[in-house]
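Peer 1: structure here, sequence nowhere to be found:
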């Protein structure tokens, strides 16, 4: 999925304008000419300049506004693509209430099965990897992985 | 001398050696798997090394990257899929050799010349870094400002991407670096009242997102593509390598020299070194017509170049705190986390740690020979690991690694956002490497810039008055000029449908 250069440029120009607008709220310090807003403003100007170049180029090239590759039109492949950020989102939402072990197991098992691994392989692998990662990070590395439901057991 | 003996004891400690051994195997595996890069290996290692003392932490990174850059050659030759971007320059050539039945010779040459190139890079690192540190000790904010500018400019200039998009990526990275408490006045910028953002954009989850999660998203789409099988049996890989060395010793030296030079240049690393040395090899070859048909000459140049670039990339990283490539960008972050602020003073304060890094580099290249041989022999098994199991497991590592860096879900959220952003940028031909360099160097660039502006009271000429600062400044501006001229001359190309 790709936006036309002109559209991308317009988006970025808007972004640069927004950043500049945010810097107007930064305080100035008396007697100090080069404050916290100087550097972000230079960068916003730089992004704006590149954005204008992109807009000009996009308008001259007159390409399609949005290019969509074939995989986006295939529901199964689109779902595979979305499964990766979706799994991360699931982890963010579920790991605190459920705890690391159930969340990681569910995530791995569903992804393994979705990517067409045989259940005989997928389920034991999900259990094994979850316990291995938990042992390594929570046990060896002392990372405070959320305990959730398993709090009384661990 | 004392420091050297200390370094020796630091490295030849059973724990450190075990870490090096495990990282070597990890690096070989990641490098040999198409789609998993050396940078990704490093980004995933950081959360693990976070809990180690400095020497094993750096040892793990040095060893894993050295192995990964070599191991990337294996699937390039066997499947025509480079294991890491650093092998992309000569993947077609290697595969053509395999089709001609020369897989053994190709693997032998790749392994032996990778090791030899690696030694050249390390030798230059050992010779140049301490000497440069003596010069760098006198640097002021002007020199550092121009060095950072030059490094960032080179990152854009050397990447194959369109300069407008390269600069965009760079500016976005620098802007991300300005999130959090500003270095001059201590005012929280772009935090929107969020406590986590006050500490800035943590760069490890960002790296994991940009280099690993976005790669996983791309990989998930093609996961069903029938995986190719390696058909050719690997025999004695060392037969004929001596003959190649006698015939192409000059190519080896030239490739290593180009690789070392490009690696040492801030902002450009092993993949660019391989592309350039391959092009140089073809340009000056006596038989350029053979290139692309499975000819060993260009492979000698470029496989030496990418491994030599790896060592020399540490020169600007250790001496100036300016990364030579995206791997050393991570290394700089690790150095800061370990309280070893990179810069010339580290050579005076902690020389034993610097010598330890040198020793590990030598050690990594020594063990690359037997381990590389084993990896080539076992490649059929490595390449058979099912991707549908590997992808979700890597995702889990990414999430736990990001979580470990902040000990909160903020790391995971950041990883997800950066993963989607990284995918979006790459989809539009905007390279992510300049963004990462910008994120790492942003604070230094802003600090030295504002300091210099205050010192000079806004007079630009002061930026050029010191001899080294002036030279660096003029060099940077020349590159800007070249890029601008190139950009103006380039006719607008029709957008690809």
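Peer 2: Sure thing, it's come through. A quick note: this is a predicted structure, and the numbers were derived from the prediction, not measured.
Peer 1: okay, CA-based contacts and neighbour counts for the rest of this
Peer 2: Fine.
Peer 1: now do whichever residue of the stretch 251-400 of chain B sits closest to chain A against residue A:110, distance only.
Peer 2: Distances between the stretch 251-400 of chain B and chain A by Cα to the nearest Cα are smallest at residue B:388, namely 5.4 Å. Separation of residue B:388 from residue A:110 (Cα to Cα, to the nearest Å): 11 Å.
Peer 1: okay, which residue is most central for chain A?
Peer 2: Geometric centre of chain A, nearest residue: residue A:85, 6.8 Å, by Cα atoms, centre = their mean.
Peer 1: contacts only, for the nearest residue to it once chain neighbours are set aside.
Peer 2: Nearest non-adjacent residue to residue A:85, counting by Cα to Cα, 6 or more residues apart in numbering or on different chains: residue B:416, 6.6 Å away. Listed by Cα atoms under 8 Å, 6 or more residues apart in numbering or on different chains, the contact partners of residue B:416 are A:85, A:88-89, B:209, B:213.
Peer 1: part of a helix, is residue B:209?
Peer 2: Yes - using DSSP: H, G, I helix; E, B strand; the rest coil, the assignment for residue B:209 is a helix.
Peer 1: that one and residue B:413: what is the separation?
Peer 2: Taking Cα to Cα, one finds residue B:209 at 10 Å from residue B:413.
Peer 1: of those two, who's got more company?
Peer 2: A count of neighbours by other Cα atoms under 10 Å in any protein chain shown puts residue B:209 above the other of residue B:209 and residue B:413, at 32 against 21.
Peer 1: could I get the contacting residues of that one?
Peer 2: By Cα under 8 Å, 6+ apart, the neighbours of residue B:209 are B:398, B:414-420, B:422.
Peer 1: which of the residues you listed fall within helices?
Peer 2: The helices, defined by DSSP state H, take in B:398, B:414-420, B:422 from the contacts of residue B:209.
Peer 1: show me which of those is closest to residue A:60.
Peer 2: Nearest to residue A:60 among these: residue B:422, at 26.9 Å, using Cα to Cα.
Peer 1: what pLDDT is listed against the closest one?
Peer 2: Note on residue B:422: pLDDT of 94.
Peer 1: gap between it and chain A?
Peer 2: Distance of residue B:422 to chain A, given as Cα to the nearest Cα, to the nearest Å: 12 Å.
Peer 1: what about that residue, how many neighbours?
Peer 2: Around residue B:422 there are 24 residues (other Cα under 10 Å).
Peer 1: what's near enough to touch it?
Peer 2: By Cα under 8 Å, 6+ apart, the neighbours of residue B:422 are B:209-211, B:214, B:432.
Peer 1: now with 10 Å, please.
Peer 2: B:206-207, B:209-215, B:416, B:430-432, B:435 (Cα atoms under 10 Å, 6 or more residues apart in numbering or on different chains).
Peer 1: for the residues you listed, give me JSON lines that also has pLDDT.
Peer 2: Putting those into JSON lines (pLDDT from 0 to 100) gives the following:
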{"residue": "B:206", "pLDDT": "91"}
{"residue": "B:207", "pLDDT": "86"}
{"residue": "B:209", "pLDDT": "91"}
{"residue": "B:210", "pLDDT": "89"}
{"residue": "B:211", "pLDDT": "84"}
{"residue": "B:212", "pLDDT": "88"}
{"residue": "B:213", "pLDDT": "92"}
{"residue": "B:214", "pLDDT": "90"}
{"residue": "B:215", "pLDDT": "87"}
{"residue": "B:416", "pLDDT": "97"}
{"residue": "B:430", "pLDDT": "91"}
{"residue": "B:431", "pLDDT": "88"}
{"residue": "B:432", "pLDDT": "87"}
{"residue": "B:435", "pLDDT": "91"}
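Peer 1: between those, which is nearest chain A?
Peer 2: Closest approach to chain A among the contacts of residue B:422 (Cα to the nearest Cα): residue B:416, at 6.6 Å.
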